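*Asks:* need coordinates for the below:
(one chain, ligands or ions: 2)
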Amino acid sequence: MKMMRKTAVCLAAILLLTLGFGGCGISQEPETRTVFAMDTVITLTAYGKNAGSALDAAVQKLNDYDVLLDVDSGDIGAINENAGEFVGVSGEVYKLLSDCVEFSRQTDGAFDITVGRYVELWGFRSQTRVPSDEEIAEAEEFIGWEQIELADGKVKIPEGMQLDLGAVAKGFVAGKLKQLLTEYGVTSAILSLGGNVTTLGKKPDGTQFVVAIRDPNDADAYLDTVQVSDSAVVTSGSYMRWFEQDGVRYHHIIDPKTGKPADSGLVSVTVICTDDTAADAYATAFFVMGAEKTSEFLKSHPEMNAIMVKTSGEIIRIN
Ligand code: ADP
Ligand code: MG
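*Replies:* Residues are numbered from 1 along each chain as shown. Ligands and ions are numbered 1, 2, ... in the order given. As a prediction, this is how the structure comes out:
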């Protein structure tokens, strides 16, 4: 991945602090690995006798996924480079893209991995800048999840379109790493990938993991904690990656319907559920949808909890 992206995001990456408190009892020292991948600081913590070897394997896998899901390399890069043609991809990527199409359908396009051209226009992959309305209008015809074709393990997007998995990649990978740790016999772990935290089982002392949700207005403070086991806690926020031009702030979550940074009155959305990929996708989608639409949506999704922070500072907790 490009260095500029990495540097830009590094500072904003750690929004969720995993807190060590919660219970006494058995004290079992965890194994930890910290790496920089997928544009963010990643800390993997696991308990138990296979923890060390499991985490080493996880770090290796993390690097493989970094390549696989990047816009310029691996399966996603191949789809983008060969836009207009069907491209064969791995089973995992095929499933992920199928899921992404479903997330788009469910959210009426608030989540849309075809926003690549918009992301490029706003320079979030290189040099940030405000594009003109004409540029946005020109890019519009190359946006639209309905145009992704999936058939027999192959994927095709129209010429000119660019997939960007930024809104779902970390969640997907978090889930895969959790699966890998399970294969190594690990039953207790907490993985933090920037705004994505996921937990496997409970802490060795039988208590739940405590995850702090950062205060969007203060990097050193948190505004809430949640207690979870076997669940993902994923936050999307306008404070994670942004730039300022002529006194106006522009952030990295794009409303696919306008081609501009979503302006739904939220500064952050946290989604808590057992499915890592879904948690990441929905956190981004809810940020675009705003508090009202999200509250309505969650009425029929009891499997998901959400914590939304409005620009006014009001906190809304659902489920
Ligand atoms: P982060 O990457 O900071 O964890 P998100 O999960 O919300 O935050 O993903 C934001 C990234 O996803 C953007 O940087 C961009 O690459 C891409 N993106 C932006 N808007 C959308 C959208 N509406 N749907 C899907 N992907 C998006
Ligand atoms: Mg996301």
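
*Asks:* what's the longest strand in the chain?
*Replies:* Taking DSSP state E as the criterion, the chain has its longest strand at strand 218-228.

*Asks:* need the next SSE after that strand, C-terminal direction.
*Replies:* strand 232-237 (DSSP states H and E).

*Asks:* now for that following strand, which elements pack on it?
*Replies:* helix 169-183, strand 196-200, strand 209-215, strand 266-273, helix 276-298 (3 or more CB pairs under 8 Å, 6 or more residues apart in numbering; DSSP states H and E). (Each C-beta comes from the backbone N, C-alpha and C, glycine too.)

*Asks:* so which of those gets nearest ligand 2?
*Replies:* helix 276-298 (3.6 Å; CB to the ion).

*Asks:* show the average pLDDT along that closest one.
*Replies:* Mean pLDDT, helix 276-298: 98.

*Asks:* among the helices and strands packed on strand 232-237, which is nearest residue 79?
*Replies:* helix 169-183 (14.0 Å; CB to CB).

*Asks:* C-terminal to that closest one, what's the next element?
*Replies:* By DSSP H and E, the next helix or strand past helix 169-183 is strand 189-193.

*Asks:* now, of the helices and strands packed on strand 232-237, which is deepest in the fold?
*Replies:* strand 196-200 (a mean of 27; mean count of other CB atoms under 10 Å).

*Asks:* on that earlier part again, which residues touch the longest strand of the chain?
*Replies:* 15, 17, 19, 22, 199, 208-216, 233, 270, 272, 305, 307, 309, 315 (CB atoms under 8 Å, 6 or more residues apart in numbering).

*Asks:* could you check the angle that strand makes with strand 196-200?
*Replies:* Orientation check (axes from the mean of the first three to the mean of the last three CA atoms, to 10 degrees): strand 218-228 against strand 196-200 gives 30 degrees.

*Asks:* what comes up buried for strand 218-228?
*Replies:* 222-223, 226, 228 (16 or more other CB atoms under 10 Å).

*Asks:* CA atoms of it as CSV?
*Replies:* Provided in CSV are the C-alpha atoms of strand 218-228 (Å, rounded to 0.1, in the frame of the first residue of the first chain):
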residue,chain,number,x,y,z
ASP,A,218,-10.9,13.9,22.2
ALA,A,219,-8.4,11.3,21.2
ASP,A,220,-7.4,10.8,24.8
ALA,A,221,-10.8,10.2,26.2
TYR,A,222,-13.5,7.6,25.8
LEU,A,223,-17.2,8.2,26.0
ASP,A,224,-18.4,4.7,26.7
THR,A,225,-17.4,1.1,27.2
VAL,A,226,-19.0,-2.1,26.1
GLN,A,227,-18.6,-5.6,27.5
VAL,A,228,-18.4,-8.2,24.9
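
*Asks:* strand partners of that strand, parallel vs antiparallel please.
*Replies:* Next to strand 218-228 in the sheet, as set by DSSP bridges, lie strand 209-215 (antiparallel).

*Asks:* so does the strand it pairs with get close to ligand 1?
*Replies:* No - Strand 209-215 does not reach ligand 1 (CB under 6 Å from any ligand atom); its nearest approach is 12.2 Å.

*Asks:* quick one: mean pLDDT over that strand.
*Replies:* So the average pLDDT for strand 209-215 ends up being 94.

*Asks:* swap in stretch 243-257?
*Replies:* Per-residue scores along stretch 243-257 average to 95.

*Asks:* buried residues in it?
*Replies:* Buried-residue list, stretch 243-257, by 16+ other CB under 10 Å: 243, 250-256.

*Asks:* also stretch 120-138?
*Replies:* So, applying 16+ other CB under 10 Å, buried residues of stretch 120-138: 120-122, 124-125, 128, 130-131, 135-136.

*Asks:* for those residues, which one is nearest ligand 1?
*Replies:* residue 124 (5.4 Å; CB to the nearest ligand atom).
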